[in-house]
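1. 3D model of this:
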Amino acid sequence: MASWWFGGMVVAVSAAVVVGTGAPAPARSRPSEKAGPVAVADAPAVLMARYAFNGRAAPIADLSGRGHTLRVISGHGGAVRQVVHGEGSALLFPSRCLARICPHVALQTPSTPDLNPGTRNISFGADVYLSPTQTSKGQNVIQKGYSTTGSQWKLQIDGAAGRPSCVLVGDKQRRIRMATSSVTVADARWHRIRCTRAGTVLAVFVDERLRGRTTLPPGLSVTNNRPMSIGGKGAYADNDQFNGALDNVWVQVG
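-> A predicted model of the protein is given here:
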């Protein structure tokens, strides 16, 4: 057993833990090559952040080279654990908790305009493992911003059925625009999920197959001064805590 030191807290690391025995893990390719949208010629897509969770030191480095380092924020004993995924590792978040006070943890970057798409196209996604016994009313995979206090982009896993959805909320019109997958990912197998905003279409892909879409109003803009969060909203009780394992998290703008 080893440990990672994350900004004042020790996080347990166990490379012997293996999550799942289902389908083989996807190949570790750059999301910009296999999981991003087709960019228009005059606005090339730019990989803004990527995290593979293979290192044994902290803080967690941004492999895109843009410096969006992740720190761990937690409460009530919440922690992440390193687990085996394919030839590398993933991070396992706290299990589902029905108590009044539960462990919670999220990974966050400082706020940066790099991760604000404005009216540009944006794609973001992750490899996700979630068992059917770990679903809840809502679990956040990755987000920037909050729907009730400003604009937002988000990937979440919804309800007992465990279906992923992609969310955009504009700066001016704070109506939640959501594309929900027709299939579950809560089946104790690894799945690759991608959200793509291309013009006026917001779509969700599961294992590279289109599984849901919705129409956006022209000119919808997402810009806020919030941090990007992975695995939950932040370090508070109403956290929409993710209760599975995550790997290969990425964001692409343009």
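
2. any chance you could map the strands in the stretch 1-150 of the chain?
-> Using DSSP state E, counting those that start in this stretch, the strands of the stretch 1-150 of the chain run over 2-6, 9-18, 46-51, 71-75, 81-85, 88-92, 104-108, 122-129, 138-145.

3. Could you check how far the nearest residue to Ala161 once chain neighbours are set aside is from Ser165?
-> Excluding the flanking residues, the one nearest Ala161 by C-beta to C-beta, 6 or more residues apart in numbering is Thr184, at 5.5 Å. C-betas here are computed from N, CA, C, even on glycine. Noted for Thr184: a distance of 12 Å to Ser165, by C-beta to C-beta, to the nearest Å.

4. same check, this time on Phe53
-> Counting by C-beta to C-beta, the gap from Phe53 to Ser165 is 23 Å.

5. Then Val204?
-> Taking C-beta to C-beta, one finds Val204 at 6 Å from Ser165.

6. who's in contact with Asp240?
-> Residues counted as contacts of Asp240 (C-beta atoms under 8 Å, 6 or more residues apart in numbering) are 138-140, 156, 232-233.

7. Show the buried residues in these.
-> Buried subset of those (neighbour count, 16 or more other C-beta atoms under 10 Å): 139-140, 156, 232-233.

8. Of all these, the one with the weakest confidence?
-> Sorting those by pLDDT puts Lys233 at the bottom of the list (91).

9. what residues are up against that residue?
-> By C-beta under 8 Å, 6+ apart, Lys233 lies in contact with 106, 140, 143, 146, 239-240.

10. could the residues you listed be laid out in CSV, adding distance to Pro132?
-> Shown next, in CSV, are those (distance: C-beta to C-beta, whole Å):
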residue, distance to Pro132
Ala106, 23
Asn140, 19
Gln143, 23
Tyr146, 28
Asn239, 21
Asp240, 19
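
11. ok, so of those, who is nearest Ala198?
-> Checking the contacts of Lys233 against Ala198 with C-beta to C-beta, the nearest one is Gln143 at 19.4 Å.

12. Could you check how far the closest one is from Ser64?
-> Note on Gln143: its distance to Ser64, by C-beta to C-beta, is 18 Å.

13. ok, the two, which is more surrounded?
-> Set side by side, Gln143 and Ser64 show more neighbours around Gln143, with 25 against 20, by other C-beta atoms under 10 Å.

14. who does that one bridge with?
-> Taking DSSP bridges as the rule, Gln143 bridges to Lys154, Ser229.

15. for the one residue sitting closest to the centre of the chain, what are its contacts?
-> Per C-alpha atoms, centre = their mean, the C-alpha nearest to the average position across the chain is that of Ile142, at 2.8 Å. Neighbour list for Ile142: 124-126, 154-155, 228-230, 249, 251 [criterion: C-beta under 8 Å, 6+ apart].

16. repeat that for 10 Å
-> Residues in contact with Ile142 (C-beta atoms under 10 Å, 6 or more residues apart in numbering) are 49, 51, 107, 124-126, 153-156, 193, 195, 228-231, 242, 246, 249-251.

17. That concludes my questions; thank you for your assistance.
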